[in-house]
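A.B. asks: please work out how this folds:
(one chain, ligands or ions: 2)
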Amino acid sequence: MNPFDYVRPDDAAGAVATVARNPGAVFLAGGTNLVDHLKLGVSAPELLVDVSRLPLDEVRELPDGGLRVGAGVRNSDLAAHPLVRSRFPALAQALLAGASGQLRNAATTGGNLLQRTRCPYFQDVTTPCNKRDPGAGCSAIGGHHRDAAIFGASPECVATHPSDMAVAMAALDAQVRVQGPEGERAVPVVEFHRLPGDEPQRDSVLRHGELITAVDLPGSAPRSVYRKVRERASYAFALVSVAADLDVADGRVRNARIALGGVAHKPWRATRAEGALRGAPVGEQAFRAAADAELAAAEPLSGNAYKVPMTRGTLVAVLRDLVEEAR
Ligand SMILES: Cc1cc2nc3c(=O)[nH]c(=O)nc-3n(C[C@H](O)[C@H](O)[C@H](O)COP(=O)(O)OP(=O)(O)OC[C@H]3O[C@@H](n4cnc5c(N)ncnc54)[C@H](O)[C@@H]3O)c2cc1C
Ligand code: SF4
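C.D. replies: Ligands and ions are numbered 1, 2, ... in the order given. Modelled structure (predicted):
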């Protein structure tokens with residue numbers, strides 16, 4: 001591990017100013033991802049700015065019934081919060097499907113959004129990887145890419161985003177609140193993470209020095225659901241996941257909000273499936289047509305083509321269950 005300095009500012013403004021003026025500085029929250037990267041040599045910052053004890057650890061109600069989740073709220077606290085469980089069950093389910101109890105006790109909302117890909121080449125510094133070392137090449141495309149993206153990949157990078165929490169937040173129309181050297185801004189979760197394009201080293205639209213302070217969840221989605229398909233029943237990242245919220249009236253879909261995980265460089269909002277569902281009579285036929293509409297845009301590689309039928313099956317099953325539970 002490279003030597004680095006460590007500071008713990010008292011407030012968000014101090015943390016932002018410290019990182020902004022030092023190109024080699026990064027924020028440190030729970031450390032469950034960043035510290036692994038320091039040990040593996042994936043990342044070698046000069047300065048760690050610890051934000052884990054800033055007063056960003058509250059869940060507060062918003063006037064529209066939604067919630068503001070502080071960036072420092074631990075994943076386990078967020079999953080157990082009564083208002084999250086009742087108003088946004090998909091988020092609680094997604095959090096509980098991630099990592100392990102110990103990790104969730106340390107991991108934060110801000111850090112979870114910014115965790116980096118689990119592509120094995122990204123973490124193995126002896127192999128070429130455009131995300132870790134821009135211009136070096138992508139080892140996954142011609143190598144092991146079983147976990148790779150089927151939507152929105154580029155010739156530069158086919159990695160997926162690993163967060164479960166972010167997929168639920170994308171379906172729930174959450175907004176990321178950010179404080180930077182030039183002030184505050186809010187970014188929808190669906191626009192927060194990037195597709196790789198020709199800059200796969202940039203995971204998100206966050207600029208250097210910008211601190212995530214909170215995530216806003218609008219309204220409520222008391223019937224929303226998150227389902228994760230993985231190789232083991234626990235302690236494994238998603239091969240495919242689905243977060244969904246369905247509004248049904250008089251036997252027809254009024255509105256659908258769907259995000260997919262494990263299939264792209266970002267939580268993938270399934271807008272084609274949503275469009276196909278809107279106004280359709282609920283039932284197997286409409287659910288299959290919606291899944292097919294989305295998956296028509298899939299571009300799998302030889303080693304990850306299994307994700308196409310897996311996504312189709314998971315999405316149809318989730319929609320079916322949502323309608324059954326509403327009856
Ligand atoms: C063995 C293992 C299994 C796991 N399994 C899963 C899983 O199944 N599903 C899943 O979703 N996750 C899983 N995880 C990942 C885990 O959820 C993340 O490591 C964790 O959420 C990261 O949060 P953290 O607070 O520890 O972030 P840190 O490691 O402290 O930081 C991560 C990144 O976020 C940046 N950062 C942190 N806070 C802020 C902020 N407020 N503003 C701006 N930047 C910030 C840091 O600079 C760093 O780049 C697993 C991790 C491990 C080690
Ligand atoms: S898929 Fe992306 S992260 Fe994986 S080796 Fe290629 S460039 Fe690196």
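A.B. asks: pLDDT below threshold where in the stretch 201-327 of the chain?
C.D. replies: Along the stretch 201-327 of the chain, the model assigns pLDDT under 70 to no residue.
A.B. asks: buried residues in whichever helix in the chain runs longest, which are they?
C.D. replies: Using DSSP state H, we find that the single longest helix of the chain is helix 307-326. For helix 307-326, the buried set under the neighbour-count rule, 16 or more other CB atoms under 10 Å, comprises 307-308, 310-312, 314-316, 318-319, 322-323. For the C-beta atoms, the positions are set from N, CA and C on the backbone; glycine is no exception.
A.B. asks: residues from this structure in reach of ligand 1?
C.D. replies: Contact residues, the chain versus ligand 1 (CB under 6 Å from any ligand atom): 26-34, 51, 71, 98-99, 103, 106-108, 110-112, 114-115, 162-165, 211-212, 237.
A.B. asks: what is the neighbour count of the closest residue to Ala106 other than its chain neighbours?
C.D. replies: Leaving aside its sequence neighbours, Ala106 sits nearest to Gly30 (CB to CB, 6 or more residues apart in numbering; 4.0 Å). Residue crowding around Gly30 was assessed by other CB atoms under 10 Å; the count is 22.
A.B. asks: can you give me the strands for the stretch 201-327 of the chain?
C.D. replies: All strands of the stretch 201-327 of the chain, identified by DSSP state E, counting those that start in this stretch, fall at 211-217, 225-229, 240-249, 252-261, 268-269.
A.B. asks: distance to Lys39 and mean neighbour count for these - can I get that in a markdown table?
C.D. replies: Formatted as a markdown table, the strands of the stretch 201-327 of the chain follow (distance: least, CB to CB, whole Å; neighbours: other CB atoms under 10 Å):
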| stretch | distance to Lys39 | mean neighbour count |
| --- | --- | --- |
| strand 211-217 | 24 | 24 |
| strand 225-229 | 27 | 22 |
| strand 240-249 | 28 | 23 |
| strand 252-261 | 26 | 22 |
| strand 268-269 | 31 | 25 |
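A.B. asks: using JSON lines, lay out the ones you listed together with distance to Ser86.
C.D. replies: Formatted as JSON lines, these follow (distance: least, CB to CB, whole Å):
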{"stretch": "strand 211-217", "distance to Ser86": "12"}
{"stretch": "strand 225-229", "distance to Ser86": "14"}
{"stretch": "strand 240-249", "distance to Ser86": "14"}
{"stretch": "strand 252-261", "distance to Ser86": "18"}
{"stretch": "strand 268-269", "distance to Ser86": "24"}
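A.B. asks: centre of the chain to the longest helix of the chain, how far?
C.D. replies: 20 Å (CA atoms, centre = their mean, to the nearest Å).
A.B. asks: what angle sits between that helix and strand 240-249?
C.D. replies: With axes from the mean of the first three to the mean of the last three CA atoms, to 10 degrees applied, the angle from helix 307-326 to strand 240-249 works out at 40 degrees.
A.B. asks: about what we covered before: out of the strands of the stretch 201-327 of the chain, which is closest to Ala148?
C.D. replies: In terms of CB to CB, the element of the strands of the stretch 201-327 of the chain nearest to Ala148 is strand 240-249, at 12.2 Å.
A.B. asks: ok, that closest one: who's next to it in the sheet?
C.D. replies: strand 225-229 (antiparallel), strand 252-261 (antiparallel) (DSSP bridges).
A.B. asks: can I get these in a markdown table with distance to Arg146?
C.D. replies: Shown next, in a markdown table, are the strands paired with strand 240-249 (distance: least, CB to CB, whole Å):
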| stretch | distance to Arg146 |
| --- | --- |
| strand 225-229 | 13 |
| strand 252-261 | 16 |
